[in-house]
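Participant: Return a 3D structure for these sequence lines:
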Amino acid sequence: MGLLTKDDGWRISDKWWEQIEPLLPARKPHPLGCHNPPVPNRSAMDAILFVLRTGMQWNALDGTGICSCSSSYRRFREWTDAGVFANLWRIGLLRYDGTQGIDWDWLAMDGAMTKAPLAGTQMTGRNPTDRGKQGVKRSLLTEGAGIPLAVTMEGANRHDMKLVQSTLDAVMAERPAPTEDKPQGLCLDKGYDFDEVREIVKEFGFTAHIRARGEEAQAIKKEAGFKARRWVVERTHSWMNRFRRILVRWEKLPETFLAMLHLACAIITWRATGLLK
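Facilitator: Numbers count the residues shown, from 1 in each chain. Predicted coordinates for the structure are as follows:
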């Protein structure tokens, strides 16, 4: 369309829109056949991206001129139900694997907790690090360079170890089988130092690398410049927190918050392919 040739972080670029548009479901005709012309899909997607980046209320979109709040949220729910944001992430991983290549040698997993003041009891729990206030935990799996491969969510009171299986089940990319010559390591911190975790990781064919309690602190003291391999997942959590809509969970429904997580992971992945510059 020639409207935006460069990614500015707030609007969909022309090149990226070419990848997104084929994923969108066809609009259903109005039953009376006399409705006003529908809002363009690109305007609705720009509005969704704007909400994700700023964390603003949906109702505040009416003052931006991008798209009305009712139209953008309706389209967001339709695309969430159709799995558009998950598919966008999945296709981004395929493109990344074809250009840079997914590093399956060293994966990393970690959890992060955020506030969830409006989510009620749907996949939330009392955050032990925030005076027992309602919160949500996301569990993230990344490949060797920090590109997200899977994300799941639960209440903030759930232990990281309880999310290992669901996170490994949620991997979005096709994984090659590990071999003796090319094993696939999974780096975890001491919060995963349980026999149950090791058994689950082994069942999935990964080699667990879990620093025992106090072992990592000793390595930092002994080895100059020591850096844990799992730092990449912590960096990706930091990248995700730049999307203000998921820094605090304002979505009441778990499926809409998960869709926002999928869209954030899709943006991180597509940027790594070099398309969003």
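Participant: quick one: low-confidence parts of this structure?
Facilitator: For the chain, applying pLDDT under 70 flags the ranges 1-9, 30, 32-35, 212-228, 277.
Participant: where do the strands sit along it?
Facilitator: 106-115, 125-126, 134-142, 148-155, 185-188, 207-210 (DSSP state E).
Participant: other SSEs contacting the last one?
Facilitator: Which is strand 207-210. Judged by 3 or more C-beta pairs under 8 Å, 6 or more residues apart in numbering; DSSP states H and E, strand 207-210 is in contact with strand 185-188, helix 195-203. The way it works is simple: take the backbone N, C-alpha and C, and place the C-beta from them, glycine included.
Participant: at 6 Å instead, please
Facilitator: strand 185-188 (3 or more C-beta pairs under 6 Å, 6 or more residues apart in numbering; DSSP states H and E).
Participant: From the contact counts, what lies against the strand it packs on?
Facilitator: By 3+ C-beta pairs under 6 Å, 6+ apart, strand 185-188 packs against strand 106-115, strand 207-210.
Participant: which one of these lies closest to residue 270?
Facilitator: Closest approach to residue 270 among the helices and strands packed on strand 185-188 is made by strand 106-115 (20.1 Å; C-beta to C-beta).
Participant: Check which residues of the closest one are buried.
Facilitator: Residues 106, 107, 108, 109, 110, 111, 112, 113, 114, 115 are the ones in strand 106-115 that count as buried (16 or more other C-beta atoms under 10 Å).
Participant: Closest one of the residues you listed to residue 45?
Facilitator: Of the buried residues of strand 106-115, the one sitting nearest to residue 45 (C-beta to C-beta) turns out to be residue 114, at 24.1 Å.
Participant: Neighbours of residue 75, how many?
Facilitator: 22 (other C-beta atoms under 10 Å).
Participant: Surely it and residue 43 touch.
Facilitator: No - the pair residue 75 / residue 43 is not scored as a contact, 9.2 Å apart, by C-beta atoms under 6 Å.
Participant: separation between the nearest residue to residue 100 once chain neighbours are set aside and residue 140?
Facilitator: Residue nearest to residue 100 in three dimensions, not counting chain neighbours: residue 272, with 6.7 Å by C-beta to C-beta, 6 or more residues apart in numbering. Distance, residue 272 to residue 140, by C-beta to C-beta, to the nearest Å: 15 Å.
Participant: who has more neighbours, these two?
Facilitator: Legend: neighbour count by other C-beta under 10 Å for residue 272 and residue 140, higher for residue 140 (25 against 19).
Participant: For residue 172, see how far away the more buried one is.
Facilitator: For residue 140, the distance to residue 172 - C-beta to C-beta - is 12 Å.
Participant: Kindly report the same for residue 148.
Facilitator: Where residue 172 is concerned, residue 148 sits at a distance of 8 Å (C-beta to C-beta).
Participant: So which of those two has more stuff around it?
Facilitator: Neighbours were counted for residue 148 and for residue 172 using other C-beta under 10 Å; residue 148 has more, 26 against 22.
Participant: what about the closest residue to that one other than its chain neighbours, neighbour count?
Facilitator: Nearest residue to residue 148, sequence neighbours excluded (C-beta to C-beta, 6+ apart): residue 265, at 4.2 Å. A total of 29 residues lie near residue 265 under the criterion other C-beta under 10 Å.
Participant: Then residue 177?
Facilitator: Using other C-beta under 10 Å as the criterion, residue 177 is surrounded by 8 other residues.
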